[in-house]
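S.K.: got a sequence here, can you build the structure:
(chains A and B)
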Amino acid sequence: AQKITQTQPGMFVQEKEAVTLDCTYDTSDPSYGLFWYKQPSSGEMIFLIYQGSYDQQNATEGRYSLNFQKARKSANLVISASQLGDSAMYFCAMRETNTGNQFYFGTGTSLTVIP
Amino acid sequence: DAMVIQNPRYQVTQFGKPVTLSCSQTLNHNVMYWYQQKSSQAPKLLFHYYDKDFNNEADTPDNFQSRRPNTSFCFLDIRSPGLGDAAMYLCATSGGRVHNEQFFGPGTRLTVL
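M.R.: The predicted structure follows:
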């Protein structure tokens, strides 16, 4: 079974609007971390936001927030007030305590911001 | 600034000619990773080190080898590159805790002629 599932290969959003990128995960480890990365066309992977499995509140970092629904095993990324520079690939990833240092990546969502 | 550095950024090699990609970090992280990423795909983990402990993924071809002579440096050796090895190679580092994110280098784009 896939550890991380991103079901949206491509998304479009109007500039200044909010957009939600979906991510579901599969683990039996009670202790895990969820991460979102942005990869512009230049290729570098940029860390955006982190959510720990024991965190009571949803993580926020500037215009990025994580809608964490533990019972549903979902960790959706919300980008508010989209900007043209947000156009990129977005990857959801998970790290489990049991498997130590391995990160499991989803297949990514390509976001295009329309002026 | 503390960072992950990869050299070269672009590498062209010939079919079958060995090539070495390098990665260095100033973050003093225990864990270093090598990923292969092809166009529009997720990064694929090749191997990682926790300190000097080497962890190879089961489906990483024998053609790919790695060395980590010290905490700061890690190398990816491709012994006999094939056309299918053309890809972006990403190096990343991380602390050893579950809440530690990965820091990625800019990548090396490998072309095989």
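
S.K.: what residues does residue 98 make contact with?
M.R.: In the absence of a named chain, chain A is used. Taking Cβ atoms under 8 Å, 6 or more residues apart in numbering or on different chains, we find A:Asn98 in contact with A:Asp29, A:Ser31. Every C-beta, even on glycine, is put in place using the N, C-alpha and C of the backbone.

S.K.: hmm, no, I was thinking of chain B.
M.R.: Residues counted as contacts of B:Val98 (Cβ under 8 Å, 6+ apart) are A:Ser31, A:Tyr32, A:Gly33, A:Gly52, A:Arg95, A:Glu96, A:Thr97.

S.K.: from chain B, how far out is the second one?
M.R.: So that's A:Tyr32. 6 Å (Cβ to the nearest Cβ, to the nearest Å).

S.K.: hmm, that residue is touching A:Glu96, no?
M.R.: Yes: judged on Cβ atoms under 8 Å, A:Tyr32 makes contact with A:Glu96 at a distance of 4.6 Å.

S.K.: mind listing which of the contacts of B:Val98 are in strands?
M.R.: Among these, the members falling in strands (DSSP state E) are A:Tyr32, A:Gly33, A:Gly52, A:Arg95, A:Glu96.

S.K.: among those residues, who's most crowded?
M.R.: Per-residue neighbour counts (other Cβ atoms under 10 Å in any protein chain shown) across the ones in strands among the contacts of B:Val98 peak at A:Arg95, which has 26 neighbours.

S.K.: what does chain A put close to chain B?
M.R.: A:31-33, A:35, A:37, A:42-47, A:50, A:52, A:89, A:91, A:93, A:95-97, A:100-103, A:105-108, A:110 (Cβ under 8 Å from any Cβ of the partner chain).
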